[in-house]
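Visitor: whatever this is, show me its structure:
(2 chains)
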Amino acid sequence: MRILQLHCDSIEFTPVKKEIEYAEEIEPTAKKLEEVVVAFIAVEDGDNSTVAKKAMSEISESMKKVGCNRLLLYPYAHLSSKLASPSTAFSIFKEMESLSKELEVTRAPFGWTKSFKIHVKGHPLAETSKTITAGEKDEITSDAVKAESKIESFWYIMSTDGKMHKVNEFDFANHQNLEFLAKYEASKKRSVDAPPPHVKLMKKMAIADYEPASDSGNMRFFPNGRLIKSLIERYVSDKIMDYGGMEVETPIMYDSHHPSMESYFHRFPARQYNIDSEGKKLFLRFAACFGQFLMAKDFQLSYKNLPLKLYELTRYSFRKEQSGELVGLRRLRAFTMPDCHAMCKDMEQAKEEFRKRFDLSKEVIKGLGIDESDYEMAIRFTEEFYNENKSLIEETVKKNGRPVLVEMWKERFFYFVLKWEFNFVDNLGKASALSTDQIDVENGKRYNIEYIDENNKPQNPIILHNSPSGAVERVIYALLEKAAKDIREGRKPQFPLWLAPSQVRIIPVKPEYLQYCEQLAEKITGFEIRVDVDDRNESVGKSIRDAETDWIPYILVIGEKEVSAEKFSIRDRKSGNVKELTIDDLINEIKEQTKGKPLMKLNMDRDISKRPQIMV
RNA sequence: GCCUCGAUAGCUCAGCCUGGUAGAGCGAACGCCUCGUAAGCGUUAGGCCGCGGGAUCGAAUCCCGCUCGAGGCUCCA
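Guide: Residues are numbered from 1 along each chain as shown, chains lettered A, B, ... in the order given. Next up, the predicted model:
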């Protein structure tokens, strides 16, 4: 049971509306009490009569100290995240009400939304909180949970000239998505009434689906989805390796009782999957940090080796997000995360690296087909870091080219002093982070990562945590949400050409041209272009339609004319035109548009009659 | 955790209010058509109406419970 106890001059509350089935039957009239102790109470799972008695005796004892005899029991759910069932809670409230003979006890109605006006006295004992359990072991609340509730954020918008504006004074006229982001982050307004449109598309395009036999948020990827994922993974990995990242692979599960993990969890409790195995308490990683830090600890490092960049594509990272937060590909419990850490010798080097990685992230996001207008940047830092590094922050915001949402903390609570993200804003105005980088001043020590400096002294590095793309699944979500927007606004949806599961479809007018189509497909395949053939004996109209609904970028219809001529009529999805090109022109055009992007083979049979129908 | 909604053919859904032989489109199989840039035609197969109970002569339909799923909310306590 959680109790927040306030000694008040007065409280006035009004039941507004019944909120749950168990709401008690009362006349919803306002009630005012003066000179009263108000106990806001959340009854938790496992609470019983003993707890009720204990709570009442503790409350009455403390009321004696402040010399007050009037008590209001006020049901208040927000104090706990593991509430008892309403029926249990209600009966415990009634029990508590009846327990005390000396006190004048009033109870606020249970199950109602209530408005209230409260005036709390200012003396030292006026405000206290208690956690009461049936006995045995009291719940261990980590420092982090306590601290997190105290953390206070100050929100601003920084314009590209480095000026900070209060959020409510900023003119969002040309920055609607930034306004969405600011509202989403700074306020608690997150309610929408429809599922995001990418969910339907991810099924319809046979990319991914829920797997009921697994846990929620663990998706299955069909051939199309697997291909798109592979391409994105390859692209991001290549970019990070160009930047200097060394790719490694580390375990997906770790011992919760390893000292570094214990220290980490104590400070940053997370929702992780736990597995008991042979007496060990293992957990599934929610980031690549663990494996990479433990690896870096075992390296012998000199300052000459820094910055040291380790990279891993985690397939998967696991986070046991609350079931209600999981939606399509936006937020998953198992996700694929490119994660690149850089161990830097000091803040100067960290800042230099930070700049490079910002540029890398911008480039990667662009390469993935996400435009500047699709995302908004947020940057977060401690006040101290801001005062000492104004120019770095202002320069970064300037590079972004558009105003940025700022969150500033008075004190450092997290392990980082600076963090930024690009937030994709979807069709419902919901924001989710893609690229991100952080400057971490704490984990070098926690994981005993050391390098030897110029003076032969061991030092802990500053660590940057960068994902240039964000979770790969989330990138697909962003692309699908963009496609949904195109559909809504009357444009043809499409994937970037390099990600299209099939880039070219060849359709014979009659079966007698099928063999020619196959030869042509063979030739195009030789240039590492994904091409397939509609070998079904369907009408041309039907085949075109099916190719269009598959978002195929180029459609070739082959008949008598083509078999004997050089030029082909090619339906180009992007321009919407049918144009006359030779096959070499087409190949050149595709190669030009997919330059610098990874190449992969078709992930389904070339003949579409051989493919299973994926009906989901 | 809590709330809401949902579960009928492989898929999307109708039927439920007002109880009386299980419906459509797509997809699949088979056949006809041999076709020039977004759906050619026909035939056939395919159902424990999520599970369990109740009331009823009779339940996909009404009542109760459960399971699973989706979405939303951490608002409610």
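
Visitor: give me the phi and psi for the residue of the stretch 1-150 of chain A found nearest RNA strand B.
Guide: As assessed by CB to the nearest atom of the strand, RNA strand B sits closest to A:Ala77 within the stretch 1-150 of chain A, at 1.0 Å. Yep, even glycine has a C-beta here, placed from its N, CA and C like the rest. Main-chain dihedrals, A:Ala77, degrees, to the nearest 10: phi -70, psi -30.

Visitor: show me the contacts for it.
Guide: Applying CB atoms under 8 Å, 6 or more residues apart in numbering, one finds that A:Ala77 lies in contact with A:42, A:83.

Visitor: ok, now how distant is it from A:Ile41?
Guide: Separation of A:Ala77 from A:Ile41 (CB to CB, to the nearest Å) stands at 9 Å.

Visitor: what does A:Ile240 give?
Guide: 51 Å.

Visitor: ok, the two, which is more surrounded?
Guide: Between A:Ile240 and A:Ile41, A:Ile41 has the larger neighbour count (other CB atoms under 10 Å), namely 30 against 26.

Visitor: hmm, that one is touching A:Leu73, no?
Guide: Yes. With contacts counted by CB atoms under 8 Å, A:Ile41 reaches A:Leu73, the gap being 6.2 Å.

Visitor: quick one, what contacts the spatially closest residue to A:Lys121 that is not a sequence neighbour?
Guide: The shortest distance from A:Lys121 to any non-neighbouring residue, by CB to CB, 6 or more residues apart in numbering, is to A:His7 (4.9 Å). A:His7 sits next to A:37, A:66, A:68, A:120-121, A:123, A:125-127 when contact means CB under 8 Å, 6+ apart.

Visitor: recalculate using a threshold of 10 Å.
Guide: Applying CB atoms under 10 Å, 6 or more residues apart in numbering to A:His7 gives the contacts A:35-38, A:62-63, A:65-68, A:120-123, A:125-128.

Visitor: next: A:Ser115.
Guide: The contact partners of A:Ser115, taken as CB under 10 Å, 6+ apart, are A:12-16, A:30.

Visitor: please identify the helix or strand for it.
Guide: strand A:112-120 (DSSP states H and E).

Visitor: need the next SSE after that strand, C-terminal direction.
Guide: strand A:127-131.

Visitor: and the stretch 301-450 of chain A, which residues reach RNA strand B?
Guide: For the stretch 301-450 of chain A, the residues in contact with RNA strand B (CB under 7 Å from any atom of the strand) are A:322-328.

Visitor: I'd like the average pLDDT over the host helix or strand of the residue nearest to A:Lys121.
Guide: For A:His7, the element it lies in under DSSP H and E is strand A:2-18. The average pLDDT for strand A:2-18 rounds to 81.

Visitor: neighbouring strands of the very next helix or strand once past that strand in the sheet, and parallel or not?
Guide: Counting by DSSP H and E, the next helix or strand C-terminal to strand A:2-18 is strand A:31-42. For strand A:31-42, the pairing partners within the sheet under DSSP bridges are strand A:2-18 (antiparallel), strand A:70-75 (parallel).

Visitor: where do the strands sit along the stretch 451-600 of chain A?
Guide: Using DSSP state E, counting those that start in this stretch, the strands assigned to the stretch 451-600 of chain A run over residues A:451-452, A:458-459, A:462-467, A:504-508, A:531-533, A:554-558, A:567-572, A:577-582.

Visitor: got these as a markdown table, with mean pLDDT, mean neighbour count and distance to A:Trp420 columns?
Guide: As requested, the strands of the stretch 451-600 of chain A are exported to a markdown table (pLDDT from 0 to 100; neighbours: other CB atoms under 10 Å; distance: least, CB to CB, whole Å):
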| stretch | mean pLDDT | mean neighbour count | distance to A:Trp420 |
| --- | --- | --- | --- |
| strand A:451-452 | 97 | 19 | 26 |
| strand A:458-459 | 96 | 14 | 26 |
| strand A:462-467 | 96 | 26 | 10 |
| strand A:504-508 | 96 | 26 | 40 |
| strand A:531-533 | 97 | 25 | 41 |
| strand A:554-558 | 96 | 23 | 38 |
| strand A:567-572 | 93 | 17 | 38 |
| strand A:577-582 | 92 | 13 | 41 |
